[in-house]
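Engineer: generate a structure from the sequence data that follows.
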Amino acid sequence: MTFENGRNARRILVTTAVEAEREAVLRGLGESPAFDVVAVGVGPAAAAAGTARMLARQGASYGLVVCAGIGGGFAGRAKVGELALSSEIVAADLGAESPDGFLSVDELGFGSSRVSCAAEWTEPFQDALAAAGIPVRYGPILTVSTATGTAETAERRSALAPGAVAEAMEGFGVAEAARACGIPVLEMRAISNAVGPRDRASWRIGEALELLRRASAILAEVLS
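Structural biologist: Next up, the predicted model:
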């Protein structure tokens with residue numbers, strides 16, 4: 001499916017958690033008519049509800065859902081100033097504790113904690129980002145309800161999805177709403193901080209929002 005010059009009836013829904021992220025995306029997209037950009041709230045529940053509400057209103061008009069924002073990068077995989085792009089979206093804390101460790105919802109037999117992202121969308125976007133000089137790290141992006149704040153939690157969560165590049169709080173909620181409607185999804189996160197011990201002073205939110213703007217401009221070029 002293409003969106004050449006925005007004339008195709010199938011549009012792109014971009015969700016963010018908060019208004020600052022939405023504004024960064026809108027600045028990047030410019031006047032492109034192919035996109036709707038909505039701040040759906042913080043956390044997977046708010047993200048799922050907000051995305052589902054938009055899809056219920058005009059889901060048939062969308063050919064792709066993009067979850068966009070800033071997030072934390074796992075050490076050695078995505079650092080501050082780089083963009084994480086999802087190969088799959090993983091609910092990192094959806095499951096149960098046991099004496100032998102964490103059991104995912106998949107292991108419990110209650111569904112799936114993973115949503116795959118279609119390569120036909122991610123590959124051309126990744127290529128265009130690289131051509132524009134934006135450093136991209138491609139791999140699983142984790143969704144959590146409680147942001148990681150210790151080295152121990154970072155190590156445990158990283159092990160849940162080998163090669164995980166980043167963590168944020170909305171992707172799986174957005175992905176589940178899109179999956180229920182049969183719409184492909186991808187997630188992109190401009191890295192503002194390292195996943196691990198909470199150190200608010202080291203976060204680079206302004207720089208990450210600017211990177212999100214730049215990445216959104218490339219998204220518009222590729223998909224409009």
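
Engineer: which residues does stretch 120-134 contact?
Structural biologist: By CB atoms under 8 Å, 6 or more residues apart in numbering, the surrounding residues in contact with stretch 120-134 are 64, 83, 85-87, 136, 138, 184, 186, 211, 214-215, 218-219, 221-223. For the C-beta atoms, the positions are set from N, CA and C on the backbone; glycine is no exception.

Engineer: other SSEs contacting the biggest strand by length in the chain?
Structural biologist: The residue-count maximum for a strand in the chain (DSSP state E) belongs to strand 62-73. Judged by 3 or more CB pairs under 8 Å, 6 or more residues apart in numbering; DSSP states H and E, the packing partners of strand 62-73 are strand 11-16, helix 19-29, helix 44-58, strand 83-91, strand 166-168, helix 171-180, strand 185-194, helix 205-223.

Engineer: and these, which is most packed in?
Structural biologist: Across the helices and strands packed on strand 62-73, averaging neighbours per residue (mean count of other CB atoms under 10 Å) puts strand 166-168 on top, at a mean of 28.

Engineer: distance of the residue sitting nearest the centre point of the chain from Leu108?
Structural biologist: By CA atoms, centre = their mean, the chain has its centre lying nearest to Glu187, at 2.7 Å. Using CB to CB, to the nearest Å, we find Glu187 at a distance of 24 Å from Leu108.

Engineer: go ahead and confirm the residue nearest to the centre of the chain touches Pro140.
Structural biologist: No - the criterion here is CB atoms under 8 Å, and Glu187 misses it with Pro140 at 9.7 Å.

Engineer: overlap in contacts of these two?
Structural biologist: Ser86, Ile89.

Engineer: gap between the residue nearest to Ala39 when sequence neighbours are not counted and Arg204?
Structural biologist: When the adjacent residues along the chain are set aside, Ala39 lies closest to Arg22, with 4.4 Å between them (CB to CB, 6 or more residues apart in numbering). Using CB to CB, one gets 19 Å for the distance from Arg22 to Arg204.
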